[in-house]
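J.: need coordinates for the below:
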Amino acid sequence: RNKTTLALLLIDLDHFKYVNDNYGHDVGDSLLIEVVKRIHNCLRGNELFARLGGDEFAITLNNISSANNATYVAQRIIDALSEPFTIDNHVISSAASIGIAICPDDSVNPKELFKYADIAMYKAKSKGRNQFSFFEEAMQIEFLANFNIENQLKTALKDNSLYLHYQPVINPKNQQLLGVEALIRWDVDGVPVSPEKFIPIAEKSRLIIDIGDWVIKQAIKQLADLNQQRLQPITMAINLSAAQLTDEQLIGFIDDCLKQHHVAAHLIEFEITETALITEPKKSVQIIQAISDLGCKISLDDFGTGFSSLSHLHSFPIDIVKLDRSLMPSFLSTEKVKQLLSGLVVLLNSLKLQIIAEGVETQTDLDLCMALGVEKIQGYYFDKALPVDEIKRKYLQVN
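T.: Sure, this is the predicted structure:
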């Protein structure tokens, strides 16, 4: 009405569910009260500050001279929440993701403004949480594109138009095939869509549960076919997402697939990332232990990246560790990286864990892995992920 600028801030606490699950709802409620006090201290008193529900809050900043005013408030809130809280003798860290939409720049419609702030908030979460993000036109375009991909994925599941390729895992001494990793592929109008693009969308929408079940069923069925009449059966690695590690139906589904296709459980390796482990740690432990109890192997993927924690090696029933490609000389050729790789191999061998080196792309990579005694290799030096017919022809001598 006054033709002035208004900012809407949507605030969502990061990993609040973890607090409720691990400390109880009473502690969670007390944390919310303390969070509100700190946020309130960041405000001047003429703002509208509301709890929307759960761990979500909204603030409107009226009569601001520019978007920078919203920046200052958002940063003050993030800084205020960075100091740990002490509640019932528990020291709890909290943080927030904040989305900001501006009226009239982004919209003068209240519902649209709220939607845009929500999009911006999820953008902040996707960028790593504990930060704020403004809504921009590009965000709306990205939101609609992701929404379109989500709908196309639903159709692809119904039409059975997803498919798998398999990347070989090789014994470097004799270059024999030891196993394969199942990797999902999807084409839209004949053009491949990168998994890096559609998997995050599937995870956010929880379509990954149905997609993951499809991958498990197809991969186990394919392994049964590949191992027909083989004296030395190969293994099959299957990736699991964080969302799947919260699915209580997963264990029964895996067991049914193994029995249906008469596949020995120890030939299946379920790959998990450390990012997945920290998302729902309590539930993840239960699900992963149950998979291990079935007799399947648990493989820790991308080891050596920024999320690596040695505690995961004893907190979870890990059988196999996959060394990340960033440890290979072809990725970063420094003496420190080589020493790090060497030290990790010694450590993992002392824990009697199997090691697979990923991202082996050059003779130098291969030579270093062999010198360190790594017995399983995966990477473009041997092959990218291939259709199953290529795996049969090239590695199993089946025409």
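
J.: can you count the residues close to A124?
T.: By the criterion of other CB atoms under 10 Å, A124 has 25 neighbours. C-beta coordinates here come from the backbone N, C-alpha and C atoms, glycine included.

J.: mind checking how far it is from L6?
T.: From A124 across to L6, the span is 20 Å (CB to CB, to the nearest Å).

J.: ok, G190 next?
T.: Distance of G190 to L6, given as CB to CB: 47 Å.

J.: try D225
T.: Here D225 is placed at a distance of 62 Å from L6 (CB to CB).

J.: try S350
T.: From S350 to L6 the distance is 60 Å (CB to CB).

J.: likewise for V374?
T.: Separation of V374 from L6 (CB to CB): 59 Å.

J.: out of D225 and L6, which sits in the more crowded spot?
T.: Using other CB under 10 Å, the more surrounded residue of D225 and L6 is L6, with 19 against 11.

J.: and that one, that's in a strand?
T.: Yes. According to DSSP: H, G, I helix; E, B strand; the rest coil, L6 belongs to a strand.

J.: show me what contacts it?
T.: T60, L61, N62, N63, I64, I102, C103 (CB atoms under 8 Å, 6 or more residues apart in numbering).

J.: which residue packs closest to the second one, ignoring adjacent ones?
T.: Leaving aside its chain neighbours, L61 sits nearest to A7 (4.3 Å; criterion: CB to CB, 6 or more residues apart in numbering).

J.: the one you found contacts Y72, correct?
T.: No. A7 lies out of contact with Y72 (CB atoms under 8 Å); the separation is 10.6 Å.

J.: quick one: which of these two has more around it?
T.: Using other CB under 10 Å as the criterion, A7 and Y72 rank with A7 on top: 26 against 12.

J.: quickly list what that one is bridged to.
T.: Going by DSSP bridges, A7 is paired in beta bridges with L61, I102.

J.: mind listing what it touches?
T.: Counting by CB under 8 Å, 6+ apart, A7 touches T60, L61, I64, A67, N69, A70, V73, I100, A101, I102, C103.

J.: how far away is it from L294?
T.: 52 Å.

J.: try N69
T.: Distance from N69 to L294, by CB to CB: 56 Å.

J.: what of I119?
T.: Taken as CB to CB, the span from I119 to L294 is 40 Å.

J.: any weak-confidence spans in the stretch 151-300 of the chain?
T.: Across the stretch 151-300 of the chain, the ranges flagged by pLDDT under 70 are 279-281.

J.: repeat that for 80
T.: By pLDDT under 80, the low-scoring segments of the stretch 151-300 of the chain are 274-283.

J.: what segments of it are strands?
T.: Using DSSP state E, counting those that start in this stretch, the strands assigned to the stretch 151-300 of the chain run over residues 163-171, 176-185, 187-188, 191-192, 235-239, 268-273, 297-303.
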